[in-house]
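**Student:** mind looking at a prediction? Sequence and model below.
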Amino acid sequence: MTINEDLKLKFDPGTIEHLGIKMYSRLPSALAELIANSYDADATEVHVQLFDDNPETLKVVVTDNGEGMSFEDINNNFLVIGRKRRITPDSTTHIIARKITGRKGLGKLALFGIGKTIEIITCKTNSNVLTTFTLKWEDIISEKSGEYHPQYKTQECDATIFQGTSITVSDLKRTSAFNSEQIILSLSKLFNFFDDNFKVFISRNGEAEQQITKDDRIKGIEKQFEWNVKDIIMEKAPDFEHIDDIKGIIISSKKPLNPDLRGITLYAHGRQANESSFFGLPEAGHTFSYLTGWIEADYIDEFEDDLISTDRQLVDWENPLMQKLQEVLKQALRFIVGDWSKKRSEDKIEKISERTSINVPDWLSKVPTEMKNKLENLITSVSKKPEIDDATFDTVVKDINSLIPEYTFFHYRFLHDQIKDSSKIHYENKQYYNAFIEAMKRYKNQVKAKSCTTQSEDLSIMTDSFGKDKTLITTNGFIRPNGVPFDPKTIENIEEGQKFLSMGIVTGGRNVVTHEEINDLQESKLFTEKDCLDLLSLLSHLFKRLDESSKK
């Protein structure tokens with residue numbers, strides 16, 4: 001093939017320097033322009049190769065299987081700085097009919113932000129001509145005429161072997177090694193169109209390739225809750241004129257996110273339009289440390305006015321069209337902040353029983369009424385504080401529980417195990433008369449079994465089992481710390497006391513509740529529920545003595 005003309009790049013040297021070096025000094029941003037070009041060229045695969053095994057020959061190679069370029073395409077399109085493809089018949093791609101992401105015709109300059117030499121090899125679909133040309137920064141910037149003629153060559157090629165474009169950027173300005181993981185994270189956030197129809201792979205020094213996916217932007221995040229942005233906008237701003245043009249997902253993490261993972265990224269036609277942010281909404285305490293996600297609003301890249309900055313870091317929020325979107329997104333985020341706080345609180349309380357032995361709702365149902373509301377408010381308030389993690393929350397709740405346990409005023413926690421076991425059902429149902437009677441039955445039966453008395457009446461069982469010179473001795477084995485025995489009168493008093501207290505609880509408690517109607521006792525206050533609870537405490541003391549007793 002014979003070509004009778006040169007390649008030429010027309011430019012203003014100041015424009016090249018400003019838009020190339022100063023705007024795209026970060027590697028991911030420059031790579032993003034190449035990936036976007038591949039997408040606009042109908043590529044289905046892009047391979048990014050990083051080479052840093054030799055500090056003297058650092059380079060980046062980006063190869064795609066897209067439509068490629070002919071010599072004429074290079075001269076009339078690629079080398080024309082500021083070509084606005086959107087206003088030409090090429091506003092969509094030729095094969096897959098994708099919506100073009102490029103708009104300003106400046107992305108090609110991004111490469112000069114990271115390297116001084118750019119070699120491009122390209123072969124157009126259904127062509128047998130391979131074109132190779134090189135752009136050198138030093139030559140371009142020294143050219144005062146505003147016209148640069150890069151070196152090139154053409155040769156025949158087999159399109160079945162290679163079709164598409166390969167771009168090598170060398171003479172890199174950086175000297176440090178590449179951080180593949182950080183580059184993957186950055187690229188995964190810069191695009192929202194990675195899928196089965198457009199795959200991007202990255203490798204370093206010839207090692208195995210790794211596919212970049214949209215999920216890489218949330219890799220390592222322990223997701224807790226998720227919100228559908230469109231559903232929220234439909235509820236909060238149903239009259240928004242572009243409601244059908246917006247979609248997105250926002251998630252919260254269980255733990256605070258690293259700063260580079262926080263914020264909501266706004267996309268237009270699959271490319272970042274506004275870096276991760278909260279759209280001007282003041283941070284709600286620590287809440288925004290837990291939120292990340294994405295929103296697609298393609299329509300903002302379809303207005304006649306260009307509302308997206310060249311480096312795709314910020315949209316023109318001062319524009320009236322964008323102000324409407326910003327306000328709607330603020331409404332959605334305000335809802336999410338409140339909903340997140342509520343859900344996180346509920347989740348902490350719900351799952352605390354999995355991490356501890358405390359069932360909060362059950363516990364609160366068993367504290368005095370005058371305390372319940374205060375405790376609920378306190379626990380909910382603590383659970384809503386984002387800076388308090390699960391472990392800290394558990395500790396706080398356990399401490400509160402130890403200070404204000406179940407049945408706080410009635411000292412249920414201090415009752416003897418036998419009393420708890422026999423009275424539990426009635427106690428929890430606040431049937432304290434029945435609780436006392438059941439506990440009394442248990443005590444009587446245990447006394448009779450241990451003393452082996454043949455008496456059958458409750459009072460006789462007690463008088464036959466306890467007291468001086470009776471069957472059960474409750475004071476055996478006790479001695480002062482200095483080894484001196486207790487006074488015999490003290491021992492006798494305890495033995496007689498066990499008898500009289502046991503007789504008293506039968507006569508003044510069991511007999512009263514058994515023979516009188518509970519309603520009469522309660523309303524007259526002759527024998528109240530509080531009396532029953534006091535006697536349960538007395539029974540716990542008597543049971544302790546019974547446990548310590550032995551037969552003569």
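**Tutor:** Done, it's in.
**Student:** please count neighbours and contacts with C-alpha atoms only from this point.
**Tutor:** Fine.
**Student:** can you name the next helix or strand after the strand or helix carrying Arg334?
**Tutor:** Per DSSP states H and E, Arg334 falls inside helix 320-355. Toward the C-terminus, helix 320-355 is succeeded by helix 360-364 as the next helix or strand (DSSP H and E).
**Student:** moving C-terminal of the helix or strand bottoming out on mean pLDDT in the chain, what's the next helix or strand?
**Tutor:** Of all helical and strand segments in the chain, the minimum by mean pLDDT, DSSP states H and E falls on helix 13-16, at a mean of 58. Where DSSP H and E defines the elements, the next helix or strand beyond helix 13-16 is helix 27-40.
**Student:** check which helices and strands the next helix or strand after that next one sits against.
**Tutor:** Next in sequence after helix 27-40, counting helices and strands by DSSP H and E, comes strand 45-51. With contacts defined as 3 or more C-alpha pairs under 8 Å, 6 or more residues apart in numbering; DSSP states H and E, strand 45-51 has these neighbours: strand 59-64, strand 199-204.
**Student:** ranking those strands by burial, who's on top?
**Tutor:** Comparing the helices and strands packed on strand 45-51 on average neighbours per residue, with mean count of other C-alpha atoms under 10 Å, the densest one is strand 59-64 at a mean of 23.
**Student:** show me what it pairs with in its sheet, parallel or antiparallel.
**Tutor:** Sheet pairing of strand 59-64 (DSSP bridges) gives strand 45-51 (antiparallel), strand 164-172 (antiparallel).
**Student:** mean pLDDT and mean neighbour count added to the ones you listed, as a markdown table?
**Tutor:** A markdown table is the format used below for the strands paired with strand 59-64 (pLDDT from 0 to 100; neighbours: other C-alpha atoms under 10 Å):
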| stretch | mean pLDDT | mean neighbour count |
| --- | --- | --- |
| strand 45-51 | 96 | 21 |
| strand 164-172 | 94 | 21 |
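**Student:** for Trp227, which of those is the nearest?
**Tutor:** Closest approach to Trp227 among those (C-alpha to C-alpha): strand 45-51, 31.3 Å.
**Student:** that closest one vs helix 27-40, what angle?
**Tutor:** 150 degrees (axes from the mean of the first three to the mean of the last three C-alpha atoms, to 10 degrees).
**Student:** dump strand 45-51 to CSV, keeping only the CA atoms.
**Tutor:** Output of strand 45-51 as CSV, limited to C-alpha atoms (Å, rounded to 0.1, in the frame of the first residue of the first chain):
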residue,chain,number,x,y,z
GLU,A,45,-11.4,-7.1,25.6
VAL,A,46,-8.7,-4.8,26.8
HIS,A,47,-5.4,-6.0,28.2
VAL,A,48,-3.3,-3.6,30.4
GLN,A,49,0.3,-4.7,30.9
LEU,A,50,2.6,-3.1,33.4
PHE,A,51,6.3,-3.6,33.3
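**Student:** can you tell me what sits against it?
**Tutor:** Here strand 45-51 makes contact (C-alpha atoms under 8 Å, 6 or more residues apart in numbering) with 35, 38, 57-66, 178, 198-206.
**Student:** check which helix or strand the residue located most distally from the centre of the chain maps to.
**Tutor:** The centre of the chain is farthest from one residue, Asp469, which by C-alpha atoms, centre = their mean lies 71.1 Å away. Assigned by DSSP H and E, Asp469 belongs to no helix or strand.
**Student:** domain map for this protein?
**Tutor:** With domains defined by automatic domain parsing, the chain comprises 9-214, 223-340, 412-551.
**Student:** buried ones in stretch 438-446?
**Tutor:** Buried positions in stretch 438-446, judged by neighbour count with 16 or more other C-alpha atoms under 10 Å: 438-440, 442-444, 446.
**Student:** which two among these are spaced furthest apart?
**Tutor:** Among the buried residues of stretch 438-446, Glu438 and Gln446 lie farthest apart (C-alpha to C-alpha), at 12.5 Å.
**Student:** which ones are touching the closest residue in space to Asn65 that isn't next to it in sequence?
**Tutor:** Distances taken as C-alpha to C-alpha, 6 or more residues apart in numbering place Gly164 nearest to Asn65, at 4.4 Å, with adjacent residues excluded. Neighbouring residues of Gly164 by C-alpha under 8 Å, 6+ apart: 43, 63-69, 122-125.
**Student:** closest to Ile300 out of the residues you listed?
**Tutor:** Lowest distance from Ile300 to these (C-alpha to C-alpha) belongs to Ala43, with 24.5 Å.
**Student:** quick one: the nearest residue to that closest one once chain neighbours are set aside and Pro28, what's the gap?
**Tutor:** Spatially, and ignoring its direct neighbours in sequence, Ala43 is nearest to Gly66 (3.6 Å; C-alpha to C-alpha, 6+ apart). To Pro28, Gly66 is 21 Å away according to C-alpha to C-alpha, to the nearest Å.
**Student:** count the residues that sit near Ser451.
**Tutor:** 22 (other C-alpha atoms under 10 Å).
**Student:** before we move on, back to that, what's the closest of the domains of the chain to Pro361?
**Tutor:** domain 412-551 (13.8 Å).
**Student:** ends of the closest one, what's the gap?
**Tutor:** Start-to-end, domain 412-551 (C-alpha to C-alpha) is 30 Å.
**Student:** how about Asn476, secondary structure?
**Tutor:** Following DSSP: H, G, I helix; E, B strand; the rest coil, the label given to Asn476 is coil.
**Student:** in stretch 140-151, what counts as buried?
**Tutor:** 140-141, 148-150.
**Student:** how about Met69, secondary structure?
**Tutor:** Under three-state DSSP, Met69 comes out as coil.
**Student:** apologies, that question was intended for Phe240.
**Tutor:** Assignment for Phe240 (three-state DSSP): coil.
**Student:** distance of it from Asn76?
**Tutor:** 42 Å.
**Student:** ditto for Pro256
**Tutor:** Distance from Pro256 to Asn76, by C-alpha to C-alpha: 50 Å.
**Student:** now for Ala129: which residues touch it?
**Tutor:** Not Ala; residue 129 is Val. Val129 sits next to 1, 70, 123, 154-157 when contact means C-alpha under 8 Å, 6+ apart.
**Student:** neighbour-wise, give me the winner out of the residues you listed.
**Tutor:** Highest count within the contacts of Val129 by other C-alpha under 10 Å belongs to Cys123, 29 neighbours.
**Student:** run through the bridge partners of it.
**Tutor:** In beta-bridge terms (that is, DSSP bridges), Cys123 pairs with Leu130, Gly164.
**Student:** residues contacting it?
**Tutor:** So Cys123 contacts 67-70, 129-131, 157, 159, 162-165 (C-alpha under 8 Å, 6+ apart).
**Student:** which two of those residues have the greatest separation?
**Tutor:** Top of the distance list for those (C-alpha to C-alpha): Glu67 and Cys157, 14.7 Å.
**Student:** name the next helix or strand following the helix or strand where Glu523 lies along the chain.
**Tutor:** Glu523 belongs to helix 518-524 when assigned by DSSP H and E. Going down the chain from helix 518-524, the next helix or strand is helix 529-548, by DSSP H and E.
**Student:** sorry, back to before: of Gly66 and Pro28, who's got more company?
**Tutor:** Between Gly66 and Pro28, counted using other C-alpha under 10 Å, the more crowded position is Gly66 (25 against 19).
**Student:** between Pro256 and Asn76, tell me which one has more neighbours.
**Tutor:** Shown here are Pro256 and Asn76; by other C-alpha under 10 Å, Pro256 has more neighbours (20 against 14).
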